[in-house]
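Peer 1: pasted the sequence and its predicted model underneath.
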Amino acid sequence: FSGFAPRPRPKLGLPGASAQPRPAPSSLFNWSHLTPLELEDRAAGLEPQSPGGRKPCFTLGGHKFQVFGGSIHYFRVPRAYWGDRLRKLKACGFNTVTTYVPWNLHEPERGKFDFSGNLDMEAFVLLAAEMGLWVILRPGPYICSEIDLGGLPSWLLQDPKMVLRTTYSGFVKAVDKYFDHLISRVVPLQYRRGGPIIAVQVENEYGSFAEDRGYMPYLQKALLERGIVELLVTSDDAENLLKGHIKGVLATINMNSFQESDFKLLSYVQSNKPIMVMEFWVGWFDTWGSEHKVKNPKDVEETVTKFIASEISFNVYMFHGGTNFGFMNGATDFGIHRGVVTSYDYDAVLTEAGDYTEKYFKLRRLFGSVSAIPLPPLPELTPKAEYPSVKPSLYLPLWDVLQYLNEPVMSNTPVNMENLPINGGNGQSYGFVLYETSICSGGSLRADVHDTAQVFLNEINIGHLHDHAKTLTVPTMTRCQLLRILVENQGRVNFSWKIQDQRKGLTGSVTINNMPLQGFAIYSLEMTMSFFERLRSATWRPVPKACLGPAFYLGTLKVDSSPKDTFLRLRTWNSGFAFINGHNLGRYSIMGPQGTLYLPGAWLHPEDNEIILFEKRKCGSYIQTTDEPVL
């Protein structure tokens, strides 16, 4: 084999494992001939080899090869910055990029597919090839990824009998239609067709779910029958390897650090095969109300050093995390529902805004020390700026906005978000739902809300409801009044069996003193681009000195003729969403830990930019910007 020099034998007695603290100086890699643009003979792709008397290894095009992978999710990065992030991956010394494919974003309504703009998966894969990078594709259908419902579309939940991630007929039928479309796009991008995709993952961490023994073989067959010919892999942590592995597919492992015991389990599942770590977690995600999580750069460097010395292929998760723009974020639920924050910085190798970190420079030095050729030069940093503060001059209370929404759904009983008869029968995926009904007496109000709700009598806030506070007292009244319940979807759980029960809004009857209320007007607040277009014709009011309750606030962010990245700082605001020129930057919250919202310069116009906040509770003073994030 060519590709890199022979190495000393590992000393641990495990296939592919070694206690060697640093790669031997003579173990220099030269894969300059093994890049998508240079390698013309595509007869043999990425293959596990077990040469007699030698360690198992991967080969690519018949040449010995070790995957140095890093994860970048195209859907979390503004398209204008894809090239910058991929160049930085290559300059660090990586040879492969891995990405998930989010079904919920690509098929927001049944049969309506979106692979345009920031969702142009093919363009991202081809750009990676131009940069000299191979691609490992992770198409799901479930991807976890701390994204809403693990990347599954919410319209699946309209079926009351739906069982996600199983061979339930309704789920399989939907997956088949999605794969018919998606995989037809993937097939031409495969290695053997001249593209950069060298491996495709079957689902994602199914071992931790493992409710249907026929499900993973069904997906394997679905990929093969639609033309996937490259190496198929599964991906699980050590504890769930046995339950997630399937015959005929290479098992890979996910881990937090170099663990000999984990590799022993992997060798038990599949002997005499090269090792690939599909996810080496170099950081972690944050949830609202928790502490910001970080990982020691030295620990990352030491683990990757051991991988290289042990001839273990690996993928750094994340190399660059990006941002949960819009309503993309998922959630956790370990007794308390917590939404994943807007930033997916992940304490990754590159920051959320694409800046270098100590981890980046440590890994670059390491990769440079084992490379037979110089690494590419470092790309320049993306410039940042701090702009003048914005004082919103106009506002619209939510109650004034209702006339600019689509006609409300009229229903005798509450209807959950996913089952609203809107969007061509696909329901509502994200955002808020407002439920209105007339009541003529007070008492004990009870409602099942997901995830959190503000309750109003006419326009007066009388309390809040959530998973652990399902009742409140409605004051006595002398005349009938309008009861309003504004429910926010704060992100569907993306992991565990709880994905089956992620219907949002009001999910049952609403009662006062145990008597069900009837006659609801239900308004959908998805806050799409078209919604903000309609708001342009609204009669906005001057912002008063004090304002309570949900409202939209309008201001102008002034920048120079060459817009740069910046971060919104909303110190005096409480909780809501920020929109710039129609782009949803995501959720902000006084809960923390995240204190700024990333604003890409690519989304700014020279000079004047429209900024709108939807604030749930009370108005703040200024909208500030800073050139440094607060995570």
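Peer 2: Right, received. Where do you want to start? Residues are numbered from 1 along each chain as shown.

Peer 1: now do the strands in the stretch 151-300 of the chain.
Peer 2: Using DSSP state E, counting those that start in this stretch, the strands of the stretch 151-300 of the chain run over 197-201, 231-237, 250-255, 276-281.

Peer 1: out of the ones you listed, the one nearest F579 is which?
Peer 2: Closest of the strands of the stretch 151-300 of the chain to F579 is strand 276-281, at 32.2 Å (criterion: Cβ to Cβ). For glycine as for every other residue, the C-beta is placed from the backbone atoms N, C-alpha and C.

Peer 1: adjacent strands (with direction) for that closest one?
Peer 2: strand 250-255 (parallel), strand 313-320 (parallel) (DSSP bridges).

Peer 1: mind putting the ones you listed into JSON lines with distance to H73, mean pLDDT and mean neighbour count?
Peer 2: Formatted as JSON lines, the strands paired with strand 276-281 follow (distance: least, Cβ to Cβ, whole Å; pLDDT from 0 to 100; neighbours: other Cβ atoms under 10 Å):
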{"stretch": "strand 250-255", "distance to H73": "16", "mean pLDDT": "98", "mean neighbour count": "22"}
{"stretch": "strand 313-320", "distance to H73": "8", "mean pLDDT": "98", "mean neighbour count": "26"}
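
Peer 1: which among those strands is found nearest to G620?
Peer 2: Short answer: strand 313-320, nearest of these by Cβ to Cβ, at 31.0 Å.

Peer 1: okay, that closest one in CSV with CA atoms only?
Peer 2: C-alpha atoms of strand 313-320 as CSV (Å, rounded to 0.1, in the frame of the first residue of the first chain):
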residue,chain,number,x,y,z
SER,A,313,-9.8,6.9,11.4
PHE,A,314,-11.8,9.6,13.1
ASN,A,315,-14.3,12.4,12.6
VAL,A,316,-14.2,15.5,14.9
TYR,A,317,-17.7,16.5,16.0
MET,A,318,-17.9,19.4,15.6
PHE,A,319,-15.2,21.0,13.5
HIS,A,320,-17.5,24.0,13.0
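
Peer 1: need the helices for this protein, in chain order.
Peer 2: 82-92, 103-106, 121-130, 169-186, 215-225, 241-244, 260-269, 297-309, 358-369, 398-401, 529-535 (DSSP state H).

Peer 1: the last one - contacts with which helices or strands?
Peer 2: Taking 3 or more Cβ pairs under 8 Å, 6 or more residues apart in numbering; DSSP states H and E as contact, there are no helices or strands that helix 529-535 lies on.

Peer 1: return the set of buried residues in the helix-or-strand element of the chain with minimal mean pLDDT.
Peer 2: Lowest on mean pLDDT, DSSP states H and E among the helices and strands of the chain sits helix 529-535, with a mean of 89. Buried residues in helix 529-535, counted by 16 or more other Cβ atoms under 10 Å: F531, F532, L535.

Peer 1: how about stretch 149-161?
Peer 2: Result for stretch 149-161 [16+ other Cβ under 10 Å]: buried residues L149, G150, G151, L152, P153, S154, W155, L156, L157, Q158.

Peer 1: and of the residues you listed, the nearest to K618?
Peer 2: Of all these, the one with the least separation from K618 (Cβ to Cβ) is S154, at 30.2 Å.

Peer 1: name the nearest residue to the closest one, sequence neighbours excluded.
Peer 2: Distances taken as Cβ to Cβ, 6 or more residues apart in numbering put S429 closest to S154, at 4.5 Å, once the chain neighbours are dropped.

Peer 1: my read is that the one you found contacts P153, right?
Peer 2: Yes: using Cβ atoms under 8 Å as the test, S429 is close enough to P153 to be in contact (7.3 Å).

Peer 1: what is in contact with those two at once?
Peer 2: Contact criterion Cβ atoms under 8 Å, 6 or more residues apart in numbering; residues shared by S429 and P153: N104, P108.

Peer 1: show me what the least confident helix or strand of the chain is in contact with.
Peer 2: Helix 529-535 is contacted by residues L396, V401, Y404, L405, L525, F552, F579, G582, I612 when judged by Cβ under 8 Å, 6+ apart.

Peer 1: quick check: of the residues you listed, which has the highest neighbour count?
Peer 2: F552 (24 neighbours; other Cβ atoms under 10 Å).

Peer 1: so what pLDDT did that residue get?
Peer 2: As predicted, F552 sits at a pLDDT of 97.

Peer 1: residue contacts, it?
Peer 2: Applying Cβ under 8 Å, 6+ apart to F552 gives the contacts Y395, L396, L398, V401, L535, I612, L613, F614, E615.

Peer 1: excluding its backbone neighbours, what's nearest it?
Peer 2: L396 (4.5 Å).

Peer 1: one more: P408?
Peer 2: A521 (4.2 Å).

Peer 1: would you check that the one you found makes contact with N412?
Peer 2: No: proximity of A521 to N412 does not meet the contact threshold set by Cβ under 8 Å, at 11.3 Å.

Peer 1: tell me which of those two has more neighbours.
Peer 2: A521 (17 against 11).

Peer 1: nearest to A447 among the strands paired with strand 276-281 would be which one?
Peer 2: Closest among these, using Cβ to Cβ: strand 313-320, at 38.2 Å.

Peer 1: what residues does that closest one touch?
Peer 2: Residues outside strand 313-320 that contact it (Cβ under 8 Å, 6+ apart): 58, 66-73, 77, 85, 88-89, 92, 94, 96-98, 136, 254, 274-283, 304, 307, 344, 346, 348-350, 354, 363.

Peer 1: which of those are buried, as a PyMOL select command?
Peer 2: Burial among the contacts of strand 313-320 is assessed by 16+ other Cβ under 10 Å; the matching PyMOL selection reads:
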select buried, resi 58+66+67+68+69+70+71+72+73+77+85+88+89+92+94+96+97+98+136+254+274+275+276+277+278+279+280+281+282+283+304+307+344+346+348+349+350+354+363
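
Peer 1: and Y387, what is it in contact with?
Peer 2: L557, K558, V559, T566, T625.

Peer 1: name the nearest residue to the first one, ignoring sequence neighbours.
Peer 2: The spatial neighbour of L557 that comes closest, neighbours along the chain excluded (Cβ to Cβ, 6+ apart), is N609 at 4.3 Å.

Peer 1: cool, the fourth one as well?
Peer 2: Closest residue to T566 apart from its sequence neighbours, by Cβ to Cβ, 6+ apart: T625 at 4.5 Å.

Peer 1: beta partners for the one you found?
Peer 2: L568.
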